[in-house]
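Peer 1: Structure, please.
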Amino acid sequence: MLSRVAETIYWIGRYLERAENTARLINVNTNLMLDLPKGAALGWEPLIHMLGYKSNYAECHDEVTERRVVNFLISDEKNPGSILSTLGYARENARTIREILPREAWEELNAFYHHACDTKQESYSRDGRHDYLLKIIAGLQRHIGLMAGTMNHNTAYNFINLGRKLERAEMTTRIVNMKVENPILDQETELQLFQDMLWVSMLESLGAYQMYRQSMQTRINRIGVLTFLFRWKEFPRSLTYCSENITYNLSCLPNNNEAVKILQHFEKMVKEASISEMDNEILHGFVDQLQICLGELHSTIAKTYFPALMEQEA
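Peer 2: Reported below is the predicted structural model:
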């Protein structure tokens, strides 16, 4: 497979996963804002920081409001990480390699992108936003299922999965970091009553609430949630599941030694972490190390399989 084609497919996977994750985050944060008491809510600025768009947002807006942040994350063309921007990148990448993808997958993604753009005004109100984002999530799930059911599970499919699972693992670490940085979790006040609500919102951000209750069979609590999101092998958004899936896809590719070595280090960190002994400050530092490791993994994958990209960046 040509390096250019492999890179294109890899980024299709990352863009599709990024769009879905962003939609989930906005919906959950909207619900949390309604449920928590005034002064206890996270607000909207943490989402900008968590997704790494602080400088991009500052270039477009001089204040943080719900409407501006939501529009920035959903439909703003000036934000390369907005839902419509990432869907657009995925569509354009798919257009350039239509001979690699099943025809149904290309046609469905193309139609889905245009429909999302044509109906974006539905997201301008809170009620409309919820329904619009649910349609985005469902549409992306449908597209991933279509590719899984109609595409050869060959090298191209391995690169799509590499992109999706690496993006997913990174998002899980970002969500954990955002929640543990919340001052409510450290306050010795009546606001502690709402800690469980914040842990629930973390699970819901990843579509994990029902599976947590089913698997852990215990009340929502800090150690249980972190253990589930870090180590539960059966849950597809846990760090362990993602790393094992990435390992499998790398095993199908040549010249994978360096990437596998980084991934083994990542898996060891997750497995051996003393979660119950970590306060929020230590946990924050630990998650930062996990994110650095995932960044190194991406760089190694790019250097190994997309050398032309690395030369352009240099």
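
Peer 1: which is the next helix or strand following the longest helix that the chain contains?
Peer 2: In the chain, with assignment by DSSP state H, the single longest helix is helix 3-35. Sequence order places helix 45-50 as the next helix or strand after helix 3-35, per DSSP states H and E.

Peer 1: in the stretch 1-150 of the chain, what spans have low per-residue confidence?
Peer 2: By pLDDT under 70, the weakly predicted segments of the stretch 1-150 of the chain are 35-42.

Peer 1: ok now the longest helix of the chain, how far from the chain's centre?
Peer 2: Centroid separation for helix 3-35 versus its chain: 5 Å, with Cα atoms, centre = their mean, to the nearest Å.

Peer 1: other SSEs contacting that helix?
Peer 2: Contacts defined by 3 or more Cβ pairs under 8 Å, 6 or more residues apart in numbering; DSSP states H and E place helix 3-35 against helix 45-50, helix 66-74, helix 83-96, helix 126-150, helix 155-180, helix 195-205, helix 280-305, helix 307-313. Every C-beta, even on glycine, is put in place using the N, C-alpha and C of the backbone.

Peer 1: Quick one: those helices as TSV, columns for distance to Thr218 too.
Peer 2: Output for the helices and strands packed on helix 3-35, formatted as TSV (distance: least, Cβ to Cβ, whole Å):
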stretch	distance to Thr218
helix 45-50	27
helix 66-74	33
helix 83-96	34
helix 126-150	27
helix 155-180	19
helix 195-205	12
helix 280-305	20
helix 307-313	45
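
Peer 1: one step back: could I get the buried residue list for the longest helix of the chain?
Peer 2: Buried residues in helix 3-35, counted by 16 or more other Cβ atoms under 10 Å: 5-30, 32-33.

Peer 1: could you check the angle helix 126-150 makes with that helix?
Peer 2: Using axes from the mean of the first three to the mean of the last three Cα atoms, to 10 degrees, the direction of helix 3-35 lies 150 degrees away from that of helix 126-150.

Peer 1: From the opening residue of stretch 216-229 to its closing one, how far?
Peer 2: This stretch, stretch 216-229, spans 11 Å end to end (Cα to Cα, to the nearest Å).

Peer 1: Show me what counts as buried in that stretch.
Peer 2: For stretch 216-229, by 16+ other Cβ under 10 Å, it's 220, 222, 224-229.

Peer 1: Same check on stretch 86-97?
Peer 2: For stretch 86-97, burial by neighbour count (16+ other Cβ under 10 Å) applies to 86-91, 93-94, 97.

Peer 1: Of those residues, which is the nearest to His265?
Peer 2: Thr86 (28.9 Å; Cβ to Cβ).

Peer 1: separation between that closest one and Arg222?
Peer 2: Noted for Thr86: a distance of 31 Å to Arg222, by Cβ to Cβ, to the nearest Å.

Peer 1: any idea which of the buried residues of stretch 216-229 is closest to Lys179?
Peer 2: Looking across the buried residues of stretch 216-229 and measuring by Cβ to Cβ, the closest to Lys179 is Val225, at 8.9 Å.

Peer 1: so which helix or strand takes in that closest one?
Peer 2: helix 222-231.

Peer 1: do the same with Asp62
Peer 2: Under DSSP H and E, no helix or strand contains Asp62.

Peer 1: Now it: phi and psi?
Peer 2: phi -100, psi 0 (degrees, to the nearest 10).

Peer 1: now do Ile97
Peer 2: For Ile97, the backbone dihedrals (degrees, to the nearest 10) come out as phi -130, psi 40.

Peer 1: For the stretch 151-300 of the chain, give me the ranges with low pLDDT.
Peer 2: Low-confidence segments of the stretch 151-300 of the chain (pLDDT under 70): 181-194.

Peer 1: re the thing from before, pipe the buried residues of stretch 86-97 into TSV and attach distance to Arg103 per row.
Peer 2: Below are the buried residues of stretch 86-97 laid out as TSV (distance: Cβ to Cβ, whole Å):
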residue	distance to Arg103
Thr86	23
Leu87	19
Gly88	20
Tyr89	21
Ala90	17
Arg91	15
Asn93	16
Ala94	11
Ile97	12
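
Peer 1: Looking at those residues, spot the one nearest Asn280.
Peer 2: In terms of Cβ to Cβ, no member of these lies closer to Asn280 than Thr86, at 30.3 Å.

Peer 1: For that closest one, list the residues it contacts.
Peer 2: By Cβ atoms under 8 Å, 6 or more residues apart in numbering, the contact set of Thr86 is 15-16, 18-19, 22, 80.

Peer 1: closest to Ile144 among these?
Peer 2: Nearest to Ile144 out of the contacts of Thr86 is Leu16 (Cβ to Cβ; 6.7 Å).

Peer 1: Surely the closest one and Ile144 touch.
Peer 2: Yes. With contact taken as Cβ atoms under 8 Å, Leu16 and Ile144 are classed as touching, separated by 6.7 Å.

Peer 1: between those two, what contacts are shared?
Peer 2: Residues touching both Leu16 and Ile144 (Cβ under 8 Å, 6+ apart) are Arg164.
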